[in-house]
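K.L.:
Have a look at this prediction, sequence included:
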Amino acid sequence: MAWIKAFHIIAMVAWFAGLFYLPRLFVYHAQANDAISTERFKIMEHRLYYFIMLPAALITLLLGVWLIAYSPAYYLHARWMQAKLFCVLLLIMFHLYCGKVCRDFKRDKNKHSSLFYRFFNEFPTLMLIIIILLAEIRPF
């Protein structure tokens, strides 16, 4: 179980690296005025989302389910875990929305300003803090 937990954390760190960096790329992409920069951001966003974030997210979720499977009666009834899983659900929704934003930028259909993405960029940090506190302190 310790190996599974270790690789769960490693995958989670990789996923969060993408969740932190991709919205920052959106900030810069929204500010880009020239075609060369715009095309470079499209490539960077695509590669980050599909080659780093998506595999890391899937591995994180798979290993998380595996860890819960060790004691589902405890984990699925623990209020701290329910709160953590709710935060993970919000992160999955954030992740999927990032994919939509990537597709919008790819089609030159971005609807948001760089200021929007600056605030958007803060959500994963908030979720990371909450998830770590729930997992380590288990307040409920």
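P.N.:
It's in.
K.L.:
In space, what's closest to residue 57 - neighbours in sequence excluded?
P.N.:
Spatial nearest neighbour of residue 57, chain neighbours left out: residue 15 (4.9 Å); criterion: CB to CB, 6 or more residues apart in numbering. All C-beta spots, glycine's among them, are computed from the backbone N, C-alpha and C.
K.L.:
what's the distance between that neighbour and residue 72?
P.N.:
23 Å (CB to CB, to the nearest Å).
K.L.:
Which element, helix or strand, includes residue 110?
P.N.:
Using DSSP states H and E, residue 110 is not contained in any helix or strand.
K.L.:
wait, doesn't it sit right on residue 103?
P.N.:
No - with contacts counted by CB atoms under 8 Å, residue 110 stays clear of residue 103, the gap being 10.2 Å.
K.L.:
that older thread, could you point out which element follows the one helix or strand the residue nearest to residue 57 maps to?
P.N.:
Assigned by DSSP H and E, residue 15 belongs to helix 2-31. The helix or strand immediately downstream of helix 2-31 is helix 35-47, counting by DSSP H and E.
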